[in-house]
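> Sequence and predicted structure, then a few things I'm wondering about:
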Amino acid sequence: MRISTKAFNWITYISLAILVLLLLGMLTKIIPPEYSIHALVVAFAIFFLRLILRTIMIKQSISEKRDEG
C-alpha cells in the first residue's frame, strides 16, 4: 500500500481539524457530557490511525532510499 505525501498531509490536517472541533465541542459543552466518552474514543481512533499512517510513510521512505542506493 503506497500513500503519497500529499494524501498523507491532507489526512493529517483533516484529522487534526476534527480533533480540534471535538475538543472545542467538549469544552463549550456543545457535545453533551454523556457523549464525551464517545468523542474521546473517536479522538483516540484518529490518533492511532495517524500513528499507523506515519509508520507506513516511514517504511516507504526507507524502502525508497534503499532502492535508490
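Yep, that arrived.

> Looking at Glu68 now. What's its pLDDT?
Glu68 is assigned 79 on the pLDDT scale.

> From Thr55, how far off is it?
Distance, Glu68 to Thr55, by Cβ to Cβ, to the nearest Å: 21 Å. C-beta: built from backbone N, CA, C; applies to glycine.

> Give me the more crowded residue out of the two.
Legend: neighbour count by other Cβ atoms under 10 Å for Glu68 and Thr55, higher for Thr55 (10 against 6).

> mind listing what's buried in the host helix or strand of the more buried one?
Here Thr55 sits within helix 36-68, counting by DSSP states H and E. For helix 36-68, burial by neighbour count (16 or more other Cβ atoms under 10 Å) applies to Ala39, Ala43, Ile46, Arg50, Leu53, Met57, Gln60.

> Excluding covalently adjacent residues, which one is nearest to the spatially most central residue of the chain?
What sits nearest the mean C-alpha location of the chain, by Cα atoms, centre = their mean, is Arg50, with 3.4 Å. Once flanking residues are discounted, Arg50 sits nearest to Ser15: 5.7 Å by Cβ to Cβ, 6 or more residues apart in numbering.

> Can you tell me the SS state at the one you found?
Secondary structure state of Ser15, per DSSP: H, G, I helix; E, B strand; the rest coil, is helix.

> where does Ile3 fall, phi/psi-wise?
Note on Ile3: its backbone torsions stand at phi -120, psi 130 [degrees, to the nearest 10].

> so where's this protein shaky on pLDDT?
1, 69 (pLDDT under 70).

> Swap in 50 and give it another go.
Under the criterion of pLDDT under 50, none of the chain is flagged as low confidence.
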